[in-house]
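In: Just the structure for this:
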Amino acid sequence: MRGLDPFCNSTVYPYVYNLTSSYADQNNEAIIVTTSVIMFILAALFFNLNIFSSVSDVSAILNPSVRLFLSTSLSLFLPVMSYLFSEAKNEGATIAASYTNSSIYSQLGAELSLRARTILMWMLLVELLRKKAEAILVNVGTQWYSAGTIDRFARIAWLGYLVFYNVKSTGKKAIYGILWVIAAAKFLQRVVINELLKRSFAYGKNAQLLNSYMSQVIVQPPQQAVGGSELLKTCKYTVMGEDSLERVAGSHGYIVDAAAHSGGSSTIVTVGDIWTSDGLLKENHRLRRLCLSFALYKLLRRRFEDIPISSEETRNCRDLIFKGLRKEEVPMDIPISSSEETRIFKGLCKEEDTEEEQSAEVALFQVFNDELHFICEYYHSVLPVVLSSPFFFLANYILFPIVVNALCLLIFVACGNGNVPYAYHRITSDNYIIDTGAATLARCLLKGIIRSPVVLFASIDLGTTTLLLLAFIYEQVWELLVFILSNWLTVSLLCQYAAKPHWRESHILSGFMRCIQWVRSKLSQPKLCFEQFSVIGFCPLLSFTMPTKAAPKEVQKSILEYMVAHMDGYDIDGRADPLNTGWSTLQLDKHRPYRSLLSLVCESKSIAEFILTCHIATSLLELQQTMGPHRKVATTLSKYCAYLVAFSPELLPEDKNGTERVYMNMKKELKEELGGCWWYHISLRRTRYKRLTEMGKWQQEAATVVQKGSQFGKALMEKAKENDEPVWELLADLWTELMVYVAPSGGELHDKAHKEALAKGGGFITVLWALCTHTGITRPALAPWEAARQAFQEP
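Out: Predicted coordinates for the structure are as follows:
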């Protein structure tokens, strides 16, 4: 080859010739080149997914859009690659037959061509990485021999046939056989994990068992408590250990005796046990709240599995959250009299304890955000973090690799017919890359990559194999790190810590858990965020390009205060004033001047129309340069509700098709007012503001959403000229009430929509939905304004 020194020429030429010899057939050249390029892109995608997912978060969830793309791409991968393997095999045999006396042929061997072996290596490595696109589904009732399991078994069997019936030489068969053994062991590992999850009363069957347990715990007479931490110390919600309850299957579920496990020797760890524990749990309130999130996640799972939640339980949970968790006093710092071990931990965590995180509102919403993260990983995890425990760590990450290594050693010995030195020697001599040296070969290929097209594509093939191999190794390391740093393992260790006194006395175990929390604090954590969409601002075409905003403390405080006020209205029968879309806000004395202005808007028959009307008005008022907490609350919730209408209509209480129709009509009208579709997407915000302001000056009766919003916004701007603070306070109260109104569940379809939204990580409305589900907040059957009027008219 031109441009290469004699050493590189003699090193590269045999490898490149054998790999690209099938290029001589012009009919196959396009297919082979396309295959190399596509495989390189796929390998780069796998590698980037492992790198960027690890940098961004320690989550075991893969974005559903990416997972769908990978699943679709990989569904045809094995058939297509099997065809290409067959073509490469036949082409190699044809070329080998014509060069029987060639020195090149004798050097490279008389069996499967290098091109065919490269394709086979790709198939094996992709099979090892395929679990990146497969969630560990915990579905009770499904059999281990489901369609996905059978499909993967067929792939493993087919790859085994290709390896052991086509690769002839000892060294090559040992390499490919070891990779196949690892793939088969990973398949068996996934089957066993799925079966453990489905059959275990701690996971798959936990919802039915927990429902029976809660029915007994709730009916027991509650202990008198003043609230705050004292109320949490009496909480009997189980965190872990309920699978040890003695149970008998009955006609209406399992029959358990919760009272028999209420003593000090009980294996059940409850929320009360966590709050009464000393040591690490007493020092770190965030860890205690994480255990509460885990207990609530178990309770909420029953909603997804069609198990009803009793009114007594919602009343109990309502008191626990609003009278207990919300009023708990959390100290800003760790006491000075703490031990040396605690002072070290204080130094490690001093960056974590910010003023915002100590806020009661932020802490409460973080509990429910962590709860949804548990549910999201339970249903959509691609890694077995759900089983996180010290025992599973020993079995899955210590014993299982030992067994796999033993099987690989067995294959290695079997390929050498029991002669270990001979097998080891043949691995080196039969594999050209190992014999030459991967680094040496790569260096020589890079020298000729510009001068020769065949060297370029040979380099792409070698790079593809290298990326797939590195992605697999990296994924194994990252899976171990995700397991160790997962909240699941943290909760498991904390329950052991609370249940076993000798754990609390061990400085090693306590220090280990503190180190885990310190490492987690250095990584990015899932935060509560709002997607921000404005019809006046830039209009993104796709939801994943939507700008997001960390949930402001003022917004969380406003929503929580409204919910507390609503909960305070509950009477002895558990009824409260009905939720509505702002009508009750207008009944407040401080908003009396705005009743005539807002009464018709609040009586809109469509939630989507009401949201878009108020959003346009709020957006117009937002352009006035004013600041304040009420403005932050109103604008944040306005843009988030507009996002729900435009991109997540299934999460709103109305029919999805009706909501989409309202939004499309508004969008069509706005395009007409701005001069067409082109100007709708590229016009500046000031242009939209000016046009909508001009529409607001019209005196005729508004008939459309844009007209109503423009006139409403213009009227608010006139009111704000005198004093804008009352106007922003009105909008903040209005959006807060609306946000709480749309959050509760509207039926099975609504629950299903939130479950599907969890695959994307959920959102603030899903967090609010979980809070409403636990506390029993519901929407009235009547229209919002009719229900509110009826409530205010009652004596």
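In: going forward, measure contacts and count neighbours with C-alpha atoms only.
Out: Noted.
In: Now do the buried residues in stretch 721-736.
Out: Within stretch 721-736, the residues that count as buried by 16 or more other Cα atoms under 10 Å are 724-736.
In: cool, stretch 178-188 as well?
Out: Ile178, Leu179, Trp180, Val181, Ile182, Ala183, Ala184, Ala185, Lys186, Phe187.
In: my guess is the fifth one meets Val404, correct?
Out: Yes: counting by Cα atoms under 8 Å, Ile182 sits close enough to Val404 to count as a contact (6.7 Å).
In: for the buried residues of stretch 721-736, which one is nearest Thr626?
Out: Asp724 (8.1 Å; Cα to Cα).
In: Now for Leu597: which residues touch it?
Out: By Cα atoms under 8 Å, 6 or more residues apart in numbering, the contact set of Leu597 is Phe712.
In: Cys317 now?
Out: His774, Thr775.
In: Dihedrals phi and psi, it?
Out: phi -70, psi -30 (degrees, to the nearest 10).
In: now do Lys549
Out: Per degrees, to the nearest 10, the backbone of Lys549 is at phi -140, psi 130.
In: Thr548: neighbour count?
Out: Residues near Thr548, counting by other Cα atoms under 10 Å, number 14.
In: gap between it and Leu45?
Out: When distance is defined by Cα to Cα, to the nearest Å, Thr548 is 25 Å away from Leu45.
In: so where's the stretch 1-150 of the chain uncertain?
Out: 1-33, 36, 40, 43, 46-68, 92, 95-110, 132-147 (pLDDT under 70).
In: go again using 80 as the cut-off
Out: By pLDDT under 80, the low-scoring segments of the stretch 1-150 of the chain are 1-76, 88, 91-112, 131-148.
In: The worst-scoring helix or strand of the chain on mean pLDDT: what's the following helix or strand?
Out: Lowest by mean pLDDT, DSSP states H and E among the helices and strands of the chain is helix 340-348, with a mean of 41. Counting by DSSP states H and E, the element after helix 340-348 in chain order, helix or strand, is helix 360-380.
In: That following helix - contacts with which helices or strands?
Out: helix 285-304, helix 553-568, helix 764-775 (3 or more Cα pairs under 8 Å, 6 or more residues apart in numbering; DSSP states H and E).
In: make it 6 Å
Out: Secondary-structure packing of helix 360-380 (3 or more Cα pairs under 6 Å, 6 or more residues apart in numbering; DSSP states H and E): helix 285-304.
In: buried set for the helix it packs on?
Out: 285-303.
In: Likewise for stretch 516-532?
Out: Under 16+ other Cα under 10 Å, the buried positions of stretch 516-532 are Gln517, Trp518, Arg520, Leu528, Phe530, Glu531, Gln532.
In: And the residue nearest to the third one when sequence neighbours are not counted, how far from Asn396?
Out: Residue nearest to Arg520 in three dimensions, not counting chain neighbours: Leu485, with 6.5 Å by Cα to Cα, 6 or more residues apart in numbering. Computed as Cα to Cα, the Leu485 to Asn396 distance reads 16 Å.
In: Surely Leu209 is in a helix?
Out: Yes: with DSSP: H, G, I helix; E, B strand; the rest coil as the criterion, Leu209 is part of a helix.
In: okay, now Ala511: neighbour count?
Out: For the record, residue 511 is Gly, not Ala. 16.
In: which residues touch it?
Out: Going by Cα atoms under 6 Å, 6 or more residues apart in numbering, Gly511 touches no other residue.
In: And it, how far from Gln366?
Out: 25 Å.
In: go on, His502?
Out: 31 Å.
In: if you count what's nearby, which of those two comes out ahead?
Out: Higher neighbour count among His502 and Gln366: Gln366, with 21 against 12, using other Cα under 10 Å.
In: Show the residue spans covered by the helices in the stretch 601-750 of the chain.
Out: 607-622, 629-647, 656-674, 677-682, 685-696, 705-722, 724-742, 748-757 (DSSP state H, counting those that start in this stretch).
In: and the top helix by length along the chain, how far out from the chain's middle?
Out: Longest helix of the chain, by residue count under DSSP state H: helix 453-485. How far helix 453-485 lies from its chain's middle: 24 Å, per Cα atoms, centre = their mean, to the nearest Å.
In: quick one: buried residues of it?
Out: So, applying 16+ other Cα under 10 Å, buried residues of helix 453-485: 454-472, 475, 478-480, 482-485.
In: any idea of the mean pLDDT in it?
Out: Mean pLDDT, helix 453-485: 84.
In: who does that helix touch, helix- and strand-wise?
Out: The contact analysis (3+ Cα pairs under 6 Å, 6+ apart) places helix 453-485 against helix 26-56.
In: now with 10 Å?
Out: helix 6-20, helix 26-56, helix 114-129, helix 390-394, helix 438-447, helix 487-499, helix 507-522 (3 or more Cα pairs under 10 Å, 6 or more residues apart in numbering; DSSP states H and E).
In: what sits against the residue nearest to Arg520?
Out: Val58, Ser59, Val385, Glu479, Met513, Cys515, Ile516, Gln517, Trp518, Val519, Arg520, Leu523 (Cα atoms under 10 Å, 6 or more residues apart in numbering).
In: quick one: secondary structure of the closest residue to the fourth one other than its chain neighbours?
Out: This means Glu479. Using Cα to Cα, 6+ apart and skipping the chain neighbours, the partner closest in space to Glu479 is Leu383 (7.0 Å). Following three-state DSSP, the label given to Leu383 is coil.
In: quick one: Leu383 and Ala44, what's the gap?
Out: 21 Å.
In: for Val727, same thing?
Out: Applying Cα to Cα, the value for Val727 to Ala44 is 53 Å.
In: Same check on Tyr161?
Out: Following Cα to Cα, the distance that separates Tyr161 from Ala44 is 28 Å.
In: More neighbours: which of the two?
Out: When neighbours are counted by other Cα under 10 Å, Tyr161 and Ala44 differ, and Ala44 comes out ahead with 17 against 12.
In: just checking, the more buried one touches Leu468?
Out: Yes: here Ala44 reaches Leu468: they are 7.9 Å apart, a contact under Cα atoms under 10 Å.
In: Quick check: nearest residue in space to Ala720, chain neighbours excluded?
Out: Val727 (6.2 Å).
In: Let me see the contact set for the one you found.
Out: His591, Tyr594, Leu621, His630, Arg631, Leu716, Met717, Lys719, Ala720, Lys721 are the contacts of Val727 under Cα under 10 Å, 6+ apart.
In: if we can go back for a sec, any chance of the helices of the stretch 601-750 of the chain in a markdown table, plus distance to Ala442 and mean pLDDT?
Out: Formatted as a markdown table, the helices of the stretch 601-750 of the chain follow (distance: least, Cα to Cα, whole Å; pLDDT from 0 to 100):
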| stretch | distance to Ala442 | mean pLDDT |
| --- | --- | --- |
| helix 607-622 | 58 | 89 |
| helix 629-647 | 48 | 92 |
| helix 656-674 | 55 | 86 |
| helix 677-682 | 48 | 61 |
| helix 685-696 | 53 | 70 |
| helix 705-722 | 63 | 83 |
| helix 724-742 | 59 | 89 |
| helix 748-757 | 45 | 83 |
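In: Before I go, just wanted to say thanks for your time.
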